[in-house]
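Peer 1: This is a predicted model, with the sequence first.
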Amino acid sequence: MTNRVTTTQETKATTDAVRLLPRDRLADLFHALTARGYQVIGPRVDQGAIIYDQLTSVEELPRGWTDEQGPGYYRLKRREDDDAFGYVVGPHSWKRYLFPPLVTLARIERDGEDWHIESQPESPVKRAFLGVRACELAAIAVQDRVFLSQAYVDPIYQARRESVCLIAANCTQAAATCFCTSMDTGPRCRSGFDLAITEIAAGYIVEVGSELGASLAADLPLRPASPEDQADGEAARARAVAQIERTLDTHDIRALLMNNLDHPQWDDVGQRCLSCTNCTMVCPTCFCCSVTEVGDLTEQHIERQRQWDSCFHPDFSYINGGQVRGQVRSRYRQWLTHKLATWIDQFDVSGCVGCGRCITWCPVGIDLTEEVAAIRGNPS
Amino acid sequence: MSHQGTVVPPHPWVPHRAMIRRFCAEIPDVSTLDIRLFDDAERSRFDCQPGQFNMLYVPGVGEAAISVSGPGLEPGDWAHTIRRAGAVTRELTRLPVGATIGLRGPYGRGWPCAAAMERDVLIIAGGIGLAPLRPLVRYFLSNPSAARCVRLLYGSRSPDHLLFAEEIDRWRALGLDVDITVDRASLGWQGNVGVVPMLVDRLHPLDPTRTEVYLCGPEVMMRYTTRALLQRGVEASHIWLSVERNMQCAVGLCGHCQLGPAFVCRDGPVFSYEHVAPLLYTEDL
């Protein structure tokens, strides 16, 4: 791994004097990023949800909006204040910018009977992620392990990851689907960011997490945070912790799940699961993908395109002779045991960060914490 | 850019150009292609261990994981024995000699040859499962001190489906013990009729405490063969088998070939039966 990534991950937030960016100066942060050549990716409202998209100004932030979430339920609601980061997480994750849903790996040009293949590295776009939650920092760290620390490195992820700037935003509230405290990933942003902000009435309490963050902070009109500001920040962060109701008991979870591969709960959830792949699409750590050949009409130009795939697709496990996981129960079991158990064998970390997206965006409201609890409550 | 000095490696999913140098029809639906990388530097680095596989690519069609069935006839060529099963394998076996294809590899962990030292080796193949075992048979024939003795058990659907029949005759002439069985006999067949586990049941003599098994075939065949081996007292930790799953990236990044904690492409395809059995025998895992 390169310096850039290591610096971000290893540098702890400094404990210097706590400083505050006044509420009306958030645009200065935006400009500090664009002045450094960063494309700013951040939250905005689109089609009834808060998504992550390229922003042209802070005016596009979802000021005054919040999200209400539950199993199979997501609604935007008006806030009583005009907080810009007063929501939790939506259907997007930053994964789509580091591990794009669709990307061309190589181009093939036919030359008579012969052909040639070209695979140019992407020209790196510097992206700043604005408003990264603690669970999302953890998810990026998980994907770092998947794509950067194994025998084979994914060069697309690597190039994008190295050129990213992470502006984290501490949660000041939690959704009913959140369980980051069970996964020990949040809600407080502790490391892995360049800057972290906590939104309070007076503005944004700023923490520096890297040299890049320090350089950005030096360009901002920061003032020392007053004791009241600091107390507000503590209270805002404490509110998020207090609002988390959902729990996942992770004690010895690897053995629990792998020792219960024939548990009747898999049949039960297999009856409810639609195998729609939503959970894997919204998950910030799921990394399965496949490559397809896309040719033009003449078949002279062919692209090898990589796109997100899902273990819930029936053909995902296809081998000559049929599908290994022909039943929905087997596909749900694969997803859950991979996420919570075998991921630990493979990458020495859980594949779940407790963001709750898979619960919210499941059309039938399947809640993985309940599925695990059902197995734990009645192990076979 | 502020990130100079970062060397972005070539994408591990991008194939190298290679040439089909030789085509050999083996049995119905099965052919062997000798394939050679174009690039001199790539070719000189390229070395496949018994049991490893390559990803072969046809532009516009896609890739397929094909195990290496040994060095080709010419130095620098590698043999790939392919059964026509899907779009890629159909196209691969239809292309003329001299055609350009793509190749990535070699991938995976092959047969642990060193485990055979001082042991009685049983190589057991079903159908096209003989292809990834052929380099292992050749290894033992050319390294007589690598094992105490070697025996091949091979089963196929019918006498017409016996792969590498002429080479097996040569192996016999070189002193290899070979037991063959077919599921269905045809007119004139005088050999065994029955499934491979039957050959295991009949093995005599067999010292289970000093037997090392290398096994490849359809999953159901491997299931009943291992059962027969265990009944004869062969130890699970001394049975090695090659597992087939949907391998797409071959480098542990795409997720398709997972079997419990294992990426079959990277951690296999050869596994110790002791380790893989609980996973292999969980339904639909």
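Peer 2: All right, it came through fine.

Peer 1: Could you point out which residue ranges in the chain have low pLDDT?
Peer 2: Using chain A here. Within chain A, the stretches with pLDDT under 70 are A:1-16.

Peer 1: that answer is for a different chain, and I need it for chain B
Peer 2: B:1-9.

Peer 1: ok, now how distant is whichever residue of the stretch 151-300 of chain A sits closest to chain B from residue A:42?
Peer 2: The minimum distance from the stretch 151-300 of chain A to chain B, using C-beta to the nearest C-beta, falls at residue A:288 (3.4 Å). Every residue, glycine included, has its C-beta placed from N, CA and C. Residue A:288 is 27 Å from residue A:42, where distance means C-beta to C-beta, to the nearest Å.

Peer 1: Among these two, which residue is more densely surrounded?
Peer 2: residue A:42 (25 against 22; other C-beta atoms under 10 Å in any protein chain shown).

Peer 1: where do the helices sit along the stretch 1-150 of chain B?
Peer 2: Ranges of helices in the stretch 1-150 of chain B, per DSSP state H, counting those that start in this stretch, are B:40-45, B:87-92, B:130-142.

Peer 1: Show me the longest strand that occurs in chain B.
Peer 2: strand B:16-27 (DSSP state E).

Peer 1: quick one, helices of the stretch 51-200 of chain A?
Peer 2: Using DSSP H, counting those that start in this stretch, the helices found in the stretch 51-200 of chain A span residues A:95-98, A:134-148, A:155-162, A:180-183.

Peer 1: just to revisit the earlier point, measure how the longest strand of chain B sits relative to helix B:130-142, angle-wise.
Peer 2: 90 degrees (axes from the mean of the first three to the mean of the last three C-alpha atoms, to 10 degrees).

Peer 1: Could you tell me which other helices and strands strand B:16-27 packs against?
Peer 2: strand A:114-118, strand B:30-37, strand B:77-83, strand B:100-107 (3 or more C-beta pairs under 8 Å, 6 or more residues apart in numbering or on different chains; DSSP states H and E).

Peer 1: now those strands in a markdown table, with mean neighbour count?
Peer 2: Converted to a markdown table, these look like this (neighbours: other C-beta atoms under 10 Å in any protein chain shown):
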| stretch | mean neighbour count |
| --- | --- |
| strand A:114-118 | 14 |
| strand B:30-37 | 21 |
| strand B:77-83 | 22 |
| strand B:100-107 | 22 |
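
Peer 1: domain parsing for the chain?
Peer 2: In the absence of a named chain, this looks at chain A. A:3-101+A:119-243, A:253-286+A:311-377 (automatic domain parsing).

Peer 1: I was after chain B.
Peer 2: Domain segmentation of chain B under automatic domain parsing yields B:16-107, B:113-280.

Peer 1: Compute the first-to-last residue distance for the first one.
Peer 2: If I follow you right, that is domain B:16-107. End-to-end span of domain B:16-107 (C-alpha to C-alpha, to the nearest Å): 14 Å.

Peer 1: chain center to it, what's the gap?
Peer 2: Distance, stretch centre to chain centre, for domain B:16-107: 13 Å (C-alpha atoms, centre = their mean, to the nearest Å).

Peer 1: For the stretch 151-300 of chain A, what lies in contact range of chain B?
Peer 2: Applying C-beta under 8 Å from any C-beta of the partner chain, we find that the stretch 151-300 of chain A lies next to chain B at A:151-156, A:158-159, A:162-163, A:258, A:261-262, A:287-293, A:295, A:299.

Peer 1: which among those end up buried?
Peer 2: A:152-156, A:158-159, A:162-163, A:258, A:261, A:287-291, A:293 (16 or more other C-beta atoms under 10 Å in any protein chain shown).

Peer 1: and those residues, which of them are in strands?
Peer 2: Residues of these located in strands (DSSP E): A:289-291, A:293.

Peer 1: So which residues on the stretch 1-150 of chain A come close to chain B?
Peer 2: A:2, A:4, A:105-106, A:108, A:110, A:113-117, A:119, A:121, A:124, A:126, A:146-147, A:150.

Peer 1: Can I get stretch A:91-106 as CSV, trimmed to CA atoms?
Peer 2: Listed next in CSV are the C-alpha coordinates belonging to stretch A:91-106 (Å, rounded to 0.1, in the frame of the first residue of the first chain):
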residue,chain,number,x,y,z
PRO,A,91,-29.1,3.6,-0.6
HIS,A,92,-25.7,4.7,-2.0
SER,A,93,-22.3,4.0,-0.4
TRP,A,94,-18.9,5.4,-1.4
LYS,A,95,-18.2,1.9,-2.8
ARG,A,96,-19.7,3.1,-6.1
TYR,A,97,-16.8,5.6,-6.5
LEU,A,98,-14.0,3.3,-5.5
PHE,A,99,-15.3,0.0,-6.9
PRO,A,100,-17.5,1.3,-9.7
PRO,A,101,-20.7,-0.6,-10.6
LEU,A,102,-19.6,-0.7,-14.2
VAL,A,103,-16.0,-0.3,-15.5
THR,A,104,-14.2,-1.2,-18.7
LEU,A,105,-11.2,-3.5,-18.0
ALA,A,106,-9.8,-3.8,-21.5
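
Peer 1: Name the residues of that stretch that are buried.
Peer 2: For stretch A:91-106, burial by neighbour count (16+ other C-beta under 10 Å) applies to A:91-100, A:103, A:105-106.

Peer 1: what do you get for stretch B:11-25?
Peer 2: Residues of stretch B:11-25 classed as buried by neighbour count (16+ other C-beta under 10 Å): B:11-21, B:23.

Peer 1: And residue A:100, how far from residue B:160?
Peer 2: To residue B:160, residue A:100 is 49 Å away according to C-beta to C-beta.

Peer 1: Give me the nearest residue to residue B:192, chain neighbours excluded.
Peer 2: Excluding the flanking residues, the one nearest residue B:192 by C-beta to C-beta, 6 or more residues apart in numbering or on different chains is residue B:181, at 3.8 Å.
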